[in-house]
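J.: kindly generate the corresponding structure for this input.
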Amino acid sequence: MRHFLDIHKTDADDLRRMIDRAHAMKVARADRPRGAADDDQPLKGHMVALIFEKPSTRTRVSFDVGVRQMGGQTMVLSGKEMQLGHGETIADTARVLSRYVDLIMIRTFEEATLLEMAEHATVPVINGLTNRTHPCQIMADVMTYEEHRGPIAGRSVVWCGDGNNVFASFAHAAGQFGFDLTFTGPETLDPEPACLDFAHGQGRPIRILRDPDSAVAGADLVVTDTWVSMHDPESAKERRHNQLRAYQVNEALMARAKSDALFMHCLPAHRNDEATSAVMDGPHSVIFDEAENRLHAQKAIMRWCLGV
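T.: Next comes the predicted model:
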C-alpha cells in the first residue's frame, strides 16, 4: 500500500523518481493538443475518488484532468454530498469507498481526517491538502524550479510571510531534497516546530530571520503565499495584514535576491498584498508554470501510488 500523505513520510528516492517521471510525462505530451489523452494509459480501468471538504480550483482541475489524460475516470465528491465524519465515521467511509474505487485523493481541514482515511482504506490515499501540510503543491514547486534552474539541492530558498501548511511542506522538502530554507515572517506566525525539527534532523536546519531584506539576500528562490485563508474570519484579516505588511514581496525585495532568482506563489493570490503585481507578472515569476506543474507532478504521484 503506497499512500502519499506527506513529503517527510515518503522515501527521498521515491520523491526524486516522481519528479523525474513528472518531467518526462510533461515533455512527452508537449506537442499534443490540450486535453488529449496520453499515449501511455496507465490508469485505464481505474476509478479515482476526489474528495473536497475544502473548495478548490487547481487541485480539483489538475487531479481530474490528470486522471482522464492517463485513461482513468474520476468521481468528484464534496463534503456536502457525503457523510464524512458526521452521519458516518471516516473509517467506515474509507472502507466503503475502497470497495468502489482504486485511489482516493482528499482535500480536507484536519490532518486527523486524512490519517484516519489512510488507516482504514484498502486503496492508496493522497493528501490534496490539510490545515497542516500541502505536499502535492511542493512537489510541483520543486519540479518547476528544476526545469528552470536545474537541481534544487544546495540552493537557497526563502519563504516570506506566514509559517502555514505550504511552508510546512517546504520544510519537509528541504530535508528530503537537500536545499537551504529560510523563513522570514513575524514571530506570531512562526511555523510549527515539528516541521523545523524534521529538516534539522535531515541535516538542513531552517534559518528564521525577522528582517526580510537580510533573509532574501542572495536567494535562488523567493516564495510566498496568501496572507488570509478563505476560511479566516473577517476579524482576523486586518490583524494579519498588520503583522505581514513588512513581508510583502515587491520589486525592491526581489532585487535583494540573486539576479536570476525565481519567484513562486501557489495561488490564489491577493495581488498587491503578499506580492505586488509587478513581481507576479515580472521576469522572476514562474507562478503559472508552477500552477501547470500541479498536473504533471500529481500524475506522477498517482502512478507511484498505484505502481503503474
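J.: buried stuff in stretch 103-119?
T.: 103-108, 111, 113-118 (16 or more other CB atoms under 10 Å). From N, CA and C alone the C-beta is placed, and that goes for glycine too.
J.: measure that stretch end to end?
T.: Its start and end residues considered, stretch 103-119 measures 14 Å (CA to CA, to the nearest Å).
J.: can you map out the strands along the stretch 51-200 of the chain?
T.: 73-78, 103-107, 125-129, 156-160, 180-184 (DSSP state E, counting those that start in this stretch).
J.: just to revisit the earlier point, pick out the most distant pair among the buried residues of stretch 103-119.
T.: Distance extremes for those: the farthest pair is 103 and 111 at 19.6 Å, using CB to CB.
J.: and the contacts of stretch 128-136?
T.: 4-7, 10, 50-52, 54, 56, 59, 63, 105-111, 113-114, 126-127, 137, 165-166, 168-169, 172, 192, 266, 294, 297-298, 301 (CB atoms under 8 Å, 6 or more residues apart in numbering).
J.: quick check on those residues: which are buried?
T.: 4-7, 10, 50-52, 54, 56, 59, 63, 105-108, 111, 113-114, 126-127, 137, 165-166, 168-169, 172, 266, 294, 297-298, 301.
J.: just the ones of those in helices?
T.: 59, 63, 111, 113-114, 137, 165-166, 168-169, 172, 294, 297-298, 301 (DSSP state H).
J.: next, give me the two most distant ones among these.
T.: Largest separation among those by CB to CB: 113 and 297, giving 22.8 Å.
J.: any idea which helix or strand of the chain has the worst average confidence?
T.: helix 234-244 (a mean of 85; mean pLDDT, DSSP states H and E).
J.: buried ones in that helix?
T.: Neighbour count says helix 234-244 has 240, 243, 244 buried, by 16+ other CB under 10 Å.
J.: next, format the residues you listed as CSV and append distance to residue 289.
T.: Listed next are the buried residues of helix 234-244 as CSV, based on distance: CB to CB, whole Å:
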residue, distance to residue 289
240, 28
243, 30
244, 25
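J.: between those, which is nearest residue 95?
T.: Distances from residue 95 to the buried residues of helix 234-244, taken by CB to CB, are shortest for residue 240, at 39.7 Å.
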